[in-house]
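Peer 1: build me a model:
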Amino acid sequence: MVQDWLIHLLMGTLKIFLHPVFYVSVLLAAYLGVSRVKRERKNFHVRAENAFFELRQLLPLGLVIGLGISILTVGAGLVIPFEAILFIALFTIVIGISLRVRLLSPVFTVGFSFFLLIFAGGSKLSIPFFPDAFSQLDEKIYPSVAALLALLLIGEGILILKNGVKGTSPKLIKSKRGLSVGVHEAKRLWMVPVFLVIPGNALQIPFEWWPVFSMGGETYSLLLVPFAIGFHQQIQGMLPKEAIGTLGKRVVVLGICLTLVAIGSYWIPLLSIAVVALAIIGREALTLSQRLAEENLPFYFSRRNNGLMILGVIPNSPAHKMALGVGELITKVNGTKVHDEDAFYKAIQQNGAAYCKLEVLDVHGQVRFVQGALYEGDHHQLGVLFVQDEKKWGNEAV
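Peer 2: So this is what the prediction gives:
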């Protein structure tokens with residue numbers, strides 16, 4: 001028995017490479033990395049993270065979350081119709097091509113597929129290889145799809161909370177008053193592979209070689225399905241870690257509440273419709289409330305009279321080694337007060353480029369001192385990104 005399950009798991013895992021969403025996700029993550037680097041170079045003539053950063057974030061945490069969801073779905077006996085997987089893949093590909101990363105939330109890809117399943121159920125709709133698929137759908141499958149959506153929503157919240165705060169991208173924009181200000185942008189794509197149990201005859205008919213197993217007189221197949229989950233948030237009024245962390249926690253709470261309602265839908269199937277509808281409305285409400293809250297706050301990353309606000313720190317740079325952080329304020333350099341980049345640049349060179357001593361006001365308003373050795377030419381590449389004057393847009397990081 002155990003050997004059979006292992007064979008089914010292995011066969012199902014390998015099929016992920018046949019799924020188009022796998023390749024769409026990889027290409028879209030690569031595109032996000034390249035476009036981010038181009039924008040950062042346009043603003044600062046230097047990039048923060050390299051173009052492969054988004055690709056490196058695509059899978060690691062998603063694998064762990066996918067494993068957790070797989071254990072829950074398979075253990076609970078959730079059976080997902082293959083038609084739902086087809087619709088989810090279709091919506092994911094269409095949204096991916098449109099480059100609207102924010103819409104690659106499970107509330108949209110799985111939610112829209114859910115409602116399309118309802119309209120397609122019992123119809124005479126025919127697709128290649130699966131001529132009778134939609135005529136076999138019944139109300140028993142809808143609670144399973146709703147439960148899967150709720151679990152994926154919890155996964156999305158965890159991804160935002162744990163990974164969304166990493167490597168947010170500094171960005172220069174114009175305020176309504178025409179001043180140059182800084183914001184941080186998080187635009188990320190994750191892939192969450194989940195093992196799903198699907199009715200065995202759904203794949204056995206067109207693909208006779210597909211492995212199936214029997215349980216309770218019914219046949220089923222195991223399939224590893226990649227779910228693409230996108231995230232886009234622009235932060236202007238607070239620190240990125242605080243803003244993204246708050247949103248992530250709210251998404252997790254929403255997902256947990258919907259999961260409880262989805263459990264009840266197994267006794268009252270109509271509740272599954274409420275779960276999906278509330279998921280879409282609730283997730284959009286969280287995005288809108290976050291956006292309105294940001295718009296009502298003053299810009300956090302703006303020019304200050306008492307120092308230079310750190311908008312970004314380049315990884316592995318001297319500034320990174322000195323543990324300078326985003327949102328901190330540099331007030332003195334080598335004992336000299338600084339309030340603009342020119343003063344900062346001149347103060348760095350006072351000691352013959354031997355070392356750099358900074359007085360920094362941290363995000364809690366506490367003064368701290370940091371210093372580090374500099375070598376010839378390092379003062380041009382300290383690795384700190386500031387909010388620049390309009391005439392300096394495009395200058396290199398100091």
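Peer 1: how would you label Phe227: helix, strand or coil?
Peer 2: With DSSP: H, G, I helix; E, B strand; the rest coil as the basis, Phe227 sits in strand.
Peer 1: what about it, how many neighbours?
Peer 2: 28 (other Cβ atoms under 10 Å). C-beta coordinates here come from the backbone N, C-alpha and C atoms, glycine included.
Peer 1: excluding its backbone neighbours, what's nearest it?
Peer 2: Among residues not flanking Phe227 along the chain, Val192 sits closest, at 4.6 Å (Cβ to Cβ, 6 or more residues apart in numbering).
Peer 1: who are the packing partners of the helix or strand harbouring the one you found?
Peer 2: Taking DSSP states H and E as the definition, Val192 sits inside strand 180-199. Packing contacts for strand 180-199, counted by 3 or more Cβ pairs under 8 Å, 6 or more residues apart in numbering; DSSP states H and E, involve helix 20-44, helix 60-76, helix 82-98, helix 141-162, strand 169-174, strand 218-235, helix 240-264, strand 308-313.
Peer 1: give me the next element, helix or strand, following the last one.
Peer 2: Pointing back at strand 308-313 there. helix 318-321.
Peer 1: chain center to the helix or strand following that next one: distance?
Peer 2: Using DSSP H and E, the helix or strand that follows helix 318-321 in sequence is strand 329-333. What separates the centre of strand 329-333 from the centre of its chain is 33 Å, taken as Cα atoms, centre = their mean, to the nearest Å.
Peer 1: how near is the residue lying closest to Phe22 once chain neighbours are set aside to Ser25?
Peer 2: Leaving aside its sequence neighbours, Phe22 sits nearest to Pro226 (Cβ to Cβ, 6+ apart; 4.8 Å). According to Cβ to Cβ, to the nearest Å, Pro226 and Ser25 sit 7 Å apart.
Peer 1: where do the contact lists of those two overlap?
Peer 2: Shared contacts of Pro226 and Ser25 (Cβ atoms under 8 Å, 6 or more residues apart in numbering): Met191.
Peer 1: of the two, who's got more company?
Peer 2: More crowded of Pro226 and Ser25, by other Cβ under 10 Å: Ser25, with 28 against 23.
Peer 1: tell me who's in contact with that one.
Peer 2: Leu58, Gly96, Leu189, Met191, Pro226, Ala228.
Peer 1: most surrounded residue in the residues you listed?
Peer 2: Ranking these using other Cβ under 10 Å puts Ala228 first, with 29 neighbours.
Peer 1: roughly how far does it sit from Phe119?
Peer 2: From Ala228 to Phe119 the distance is 24 Å (Cβ to Cβ).
Peer 1: and what of Leu358?
Peer 2: In terms of Cβ to Cβ, Leu358 sits 62 Å off from Phe119.
Peer 1: in the helix or strand harbouring Arg291, what's buried?
Peer 2: For Arg291, the element it lies in under DSSP H and E is helix 271-295. Neighbour counts over helix 271-295 (16 or more other Cβ atoms under 10 Å) mark 271-272, 274-276, 278-280, 282-283, 286-287, 290, 294 as buried.
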